[in-house]
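Participant: sequence plus the predicted model coming up.
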Amino acid sequence: MIEYRKARLADVEEMLELVQFFADKGLMLPRSRHALYEGIREYQVARVGAKLAGIGALRVLWRDLAEIRTLATAAAYQKQGIGRRLVQLLLAEADEMDCNSVFTLTYQTRFFEKMGFHRVEKESLPQKVWQECINCVKFPNCDEIALVYPARET
């Protein structure tokens, strides 16, 4: 059985391992231990028993702007709908906060397009999006692709 819940401090070391596994393969950007602890309240986790199966975060950037980030499913648990469910939970969280502008910067475009996101030019996103870029290992040559989720009806 898969348990979905908000991340806890005790999850951080496993989260770091999962992110680093995919970052080492060039499939996602790395995150530091510090960044995971600092943003722990943003994360949802999926657990199968004692094992971390997946993670994802929703970072609120502004009044009506949030980013889905650091989405990863452990290799042993892929193709089981865990990533899809995490995105659904994060979108629901954004909806609960009345935030209807949700985007992601990713290399996994096909997954997000299947979830209803569509590609946009990075430059079309508000400047608030770029506040952390200065600390990124890819700055100033970002090669991630921007996708947005259709705004909900208000």
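Facilitator: All right, it came through fine.

Participant: quick check: closest non-adjacent residue to Tyr70.
Facilitator: Not Tyr; residue 70 is Thr. In space, and not counting its chain neighbours, Thr70 is closest to Ala57: 4.8 Å by CB to CB, 6 or more residues apart in numbering. In this view, the C-beta of every residue, glycine as well, is placed from N, C-alpha and C.

Participant: does the one you found touch Gly39 like I think?
Facilitator: Yes. Counting by CB atoms under 8 Å, Gly39 is a contact partner of Ala57 at 6.3 Å.

Participant: now the chain, which segments are flagged as low pLDDT?
Facilitator: For the chain, the stretches with pLDDT under 70 are 126-142, 152-154.

Participant: how about the residue nearest to Thr70, what does it touch?
Facilitator: Neighbouring residues of Ala57 by CB atoms under 8 Å, 6 or more residues apart in numbering: 39, 42-44, 68-71, 90.

Participant: and Ala76, by the same measure?
Facilitator: 51, 53.

Participant: confirm it sits in a helix?
Facilitator: Yes. Assessed by DSSP: H, G, I helix; E, B strand; the rest coil, Ala76 belongs to a helix.

Participant: adjacent strands (with direction) for the longest strand seen in the chain?
Facilitator: As assigned by DSSP state E, the longest strand anywhere in the chain is strand 51-62. Strand 51-62 sits in its sheet next to strand 43-48 (antiparallel), strand 65-73 (antiparallel), going by DSSP bridges.

Participant: so where do the strands sit in the chain?
Facilitator: Going by DSSP E, the chain shows strands at 2-6, 43-48, 51-62, 65-73, 102-106, 118-120, 145-149.

Participant: so which bits of the third one are buried?
Facilitator: Within strand 51-62, the residues scored as buried using 16 or more other CB atoms under 10 Å are 52-58, 61.

Participant: equivalent analysis for the second one, please.
Facilitator: If you call a residue buried by 16+ other CB under 10 Å, then strand 43-48 has these buried ones: 43-48.

Participant: adding distance to Thr106, write those out as JSON lines.
Facilitator: Converted to JSON lines, those look like this (distance: CB to CB, whole Å):
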{"residue": "Tyr43", "distance to Thr106": "17"}
{"residue": "Gln44", "distance to Thr106": "17"}
{"residue": "Val45", "distance to Thr106": "19"}
{"residue": "Ala46", "distance to Thr106": "18"}
{"residue": "Arg47", "distance to Thr106": "23"}
{"residue": "Val48", "distance to Thr106": "24"}
